[in-house]
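> For reference, the sequence and a predicted model appear below.
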Amino acid sequence: MDRNQEQRDKRELVLSLRGISKNFGAVSALTDIDLDVHAGEVVALVGDNGAGKSTLVKTLAGVHQPTSGTITFRGHPVTLTDPSAALGLGIATVFQDLALCENLDVVANIFLGRELSPYRLDEVSMELKAWTLLNELSARIPSVREPVASLSGGQRQTVAIARSLLLEPKLILLDEPTAALGVAQTAEVLDLIERVRDRGLGVIMISHNMEDVRAVADRIVVLRLGRNNGVFDPDASNEELVSAITGADNNSVSRRAHRRQAQSGQAPAPEGRQ
């Protein structure tokens, strides 16, 4: 057993999936998926388009119900009948579209639908809570009264993540959190993901950007055609990952990665655990 595995075993197993399958009529979107996520761990979920990543996240978010298999959350078998059931258990999701209201300020977006006093809004308490949460995340937002429409892409992602943490979840699902962001904004969001992990949360991150994945992930889980196709350390070679994602061990991407590695004089990276 390697050192990273020993460290994981000491932490709480937040989520465990066994044999999760999801069918849409005659189409099998997921087949016998197994997945474990521990507290304080970032698991990157990668795969080609149509690999089943979004379907799996939506299943965990309660949007879809699995056709078969078991979901264990914090040691107890659970049934995620809808998004509110997932939230109630402690599973929060930040989808790629973020679902922010452009015309509202940061505070209103964080508390939208969860106002501290639904009949008479407690604006002071909401503002203090928003500032506290953003400060804990070291967020770079000038004011909680800033309209979301005036924020950068990275700042908007920060607001969406802060909103997801409001109910103190144990697991957060991030769907392409750095998509369409510039270099500085991407770095800001990756730092934020690390701070979320440091709070002891389990994190599942979908991403197509392998540099971002390597920067924050503790493990990389590959899906291919709706099935598990390997679990890798972040230092696994590009060639190994591309092979697992595409199902081919000899293609232009893997050959180019191999040439770059040879030209740089680097030793081959350790093999992924499959």
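Structure's in. What do you need?

> could you list every residue that touches Leu104?
The contact partners of Leu104, taken as Cβ atoms under 8 Å, 6 or more residues apart in numbering, are Leu112, Pro147, Val148. Where you see a C-beta, it was placed from the backbone N, CA and C, and this is true even at glycine.

> just checking, the second one touches Cys101?
No: look at Pro147 against Cys101 with Cβ atoms under 8 Å: they stay out of range, at 9.5 Å.

> of the two, who's got more company?
Regarding Pro147 and Cys101, a neighbour count based on other Cβ atoms under 10 Å identifies Pro147 as having more, with 15 against 12.

> Ignoring the adjacent residues along the chain, who's closest to that one?
Taking Cβ to Cβ, 6 or more residues apart in numbering as the measure, Pro147 lies nearest to Asp105, with 5.4 Å between them; neighbours along the chain are not counted.

> what's near enough to touch that neighbour?
The neighbourhood of Asp105, defined by Cβ under 8 Å, 6+ apart, consists of Val144, Arg145, Glu146, Pro147, Val148.

> Phi and psi next, for it.
The phi and psi values for Asp105, taken as degrees, to the nearest 10, are phi -80, psi -180.

> Val221 now?
Listed backbone geometry of Val221 is phi -110, psi 120, with angles given as degrees, to the nearest 10.

> Kindly report the same for Pro77.
Pro77 adopts backbone torsions of phi -60, psi 140, taken as degrees, to the nearest 10.

> That one: how many residues sit nearby?
Pro77 has 10 nearby residues by other Cβ under 10 Å.

> my guess is it meets Thr70, correct?
Yes: Pro77 is in contact with Thr70 according to Cβ under 8 Å; the separation is 5.8 Å.

> For the nearest residue to Glu41 once chain neighbours are set aside, give its distance to Ala179.
Spatially, and ignoring its direct neighbours in sequence, Glu41 is nearest to Asp218 (4.8 Å; Cβ to Cβ, 6+ apart). Asp218 sits 21 Å away from Ala179 when distances are taken as Cβ to Cβ, to the nearest Å.

> next one: Ile172
The value you get for Ile172 to Ala179, if Cβ to Cβ is used, is 17 Å.

> Please say which of the two ends up with more neighbours.
With neighbours defined as other Cβ under 10 Å, Ile172 and Ala179 compare such that Ile172 has more, 23 against 16.

> What sits closest to that one if chain neighbours are left out?
Ala92 (4.9 Å).

> My impression was that that neighbour belongs to a strand - is that right?
Yes: using DSSP: H, G, I helix; E, B strand; the rest coil, the assignment for Ala92 is a strand.

> State the number of residues packed around it.
Using other Cβ under 10 Å, Ala92 has 23 other residues around it.

> how about the strands of the stretch 151-274 of the chain, start to end?
Ranges of strands within the stretch 151-274 of the chain are 171-175, 202-206, 219-224, 227-232, based on DSSP state E, counting those that start in this stretch.
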